[in-house]
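K.L.:
I would like the atomic coordinates for the input below:
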Amino acid sequence: MSRALVIIPTYNEIENIEKMLNTVMALPGGYEVLIVDDGSPDGTAEVVRKLMQAHEGRIHLEERTGKLGLGTAYIHGFKWALARNYPYVFEMDCDFSHNPEDLPRLLEACESGADVSIGSRYVQGVNVVNWPMSRVLLSYFASVYVRFITGMPIQDATAGFKCYKRDTLAAIDFSKIHFVGYAFQIEMKFTAWRKGLVVQEVPVIFTDRTEGTSKMSSGIIKEAIFGVIKLKIWSWFTKP
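P.N.:
All right, here's what the predicted structure looks like:
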C-alpha cells in the first residue's frame, strides 16, 4: 500500500492512546500515525514517545502548547503531511468512536476515485451505538440542517472520520478555513464540494467512547449552528 498517514488530535487521551496506536500499527498495509497533542497534562504525549521507539518511523508526534482547537490541530497535521508527500491522509478520533479497522475501506474509496471519503453514520440508516436518543437526534438533524442550508448532498455533514487524497488537501487554502471546532468538519466538506471534488460516503458504525472524557460543549454546538449560515453567506461572495 502507498504511504497513508492517520492524523489523530489528542487532549487528555491517556486511557485510549496506547490501545489506539497499537491497533493501527497492527493493521495490514503499514499505516503511519501523526499525533497532534495540545499539551495534554495527563501524559498522553509521553505514551506516544514510548510507542514511537517500538514502531520507529511509523508513529510521529507534534506537540503544541495549550488547547488550540480541533480544526487547527488538523490543519497543522495536513501541512505536516503535505510537506512529506503522503498520498492519502486521514482524520480520526482517538476514542474508538471511529473504528480503525474501517481505515482500509475509506482508503479504497479514495483509491477508486473519490477525492474525499467520509465514514458516514447516516448514509445507510442510523448507525450509532451507545449514544442517548437525544444525542442521536441532535446529530442526525444537524446533518439535515446542514444539507438544507448549504445544499451539500452529504448525509453525514458533521462526520470527522475522513480520508483525503493529497491533491485534495493541496487544493484547499487553509488560511481561508475559518472554524476551529466541529464546524471545521462541515467547512472542509463544503469547501471540497464547492470545488467540484468527488466526495463519497462510506457506511460505518459509530460507537461512543467508553474511556476518557467527551470534548463536546455548548460552544461547539453554537459554532456549528451559526457557522453553517456564515459558510453559506461567505460562499455568495467568494470563489471555490
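K.L.:
just checking, what packs against the helix or strand hosting Ile233?
P.N.:
Here Ile233 sits within helix 218-237, counting by DSSP states H and E. The contact analysis (3 or more C-beta pairs under 8 Å, 6 or more residues apart in numbering; DSSP states H and E) places helix 218-237 against helix 133-150, helix 183-194. Heads up, the C-betas are built off the backbone N, CA and C, glycines and all.
K.L.:
okay, and the helix or strand of the protein with the least pLDDT?
P.N.:
Lowest on mean pLDDT, DSSP states H and E among the helices and strands of the chain sits helix 218-237, with a mean of 80.
K.L.:
export it as CSV, just CAs?
P.N.:
Extracted in CSV, the C-alpha atoms of helix 218-237 (Å, rounded to 0.1, in the frame of the first residue of the first chain):
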residue,chain,number,x,y,z
SER,A,218,-22.5,24.0,24.1
GLY,A,219,-20.0,26.4,22.4
ILE,A,220,-19.1,23.8,19.8
ILE,A,221,-22.8,23.3,19.1
LYS,A,222,-23.4,27.0,18.7
GLU,A,223,-20.4,27.4,16.4
ALA,A,224,-21.8,24.6,14.2
ILE,A,225,-25.3,26.1,14.1
PHE,A,226,-24.4,29.6,13.2
GLY,A,227,-21.3,28.6,11.3
VAL,A,228,-23.3,26.9,8.7
ILE,A,229,-25.2,30.1,8.0
LYS,A,230,-21.9,32.0,7.8
LEU,A,231,-20.5,29.4,5.4
LYS,A,232,-23.4,29.9,3.0
ILE,A,233,-23.2,33.7,3.1
TRP,A,234,-19.4,33.6,2.5
SER,A,235,-20.0,31.3,-0.5
TRP,A,236,-22.0,34.0,-2.2
PHE,A,237,-19.1,36.4,-2.2
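K.L.:
what's near enough to touch Phe190?
P.N.:
Applying C-beta atoms under 8 Å, 6 or more residues apart in numbering, one finds that Phe190 lies in contact with 150, 152, 231, 235.
K.L.:
and if you look at Ala109?
P.N.:
117, 163, 200, 202.
K.L.:
can you tell me which of the residues you listed are in strands?
P.N.:
Secondary structure defined by DSSP state E assigns 117, 163, 200, 202 of those to strands.
K.L.:
Pipe these into JSON lines and attach distance to Tyr140, neighbour count and pLDDT per row.
P.N.:
JSON lines is the format used below for the ones in strands among the contacts of Ala109 (distance: C-beta to C-beta, whole Å; neighbours: other C-beta atoms under 10 Å; pLDDT from 0 to 100):
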{"residue": "Ser117", "distance to Tyr140": "20", "neighbour count": "27", "pLDDT": "98"}
{"residue": "Cys163", "distance to Tyr140": "23", "neighbour count": "30", "pLDDT": "98"}
{"residue": "Gln200", "distance to Tyr140": "20", "neighbour count": "18", "pLDDT": "98"}
{"residue": "Val202", "distance to Tyr140": "18", "neighbour count": "22", "pLDDT": "98"}
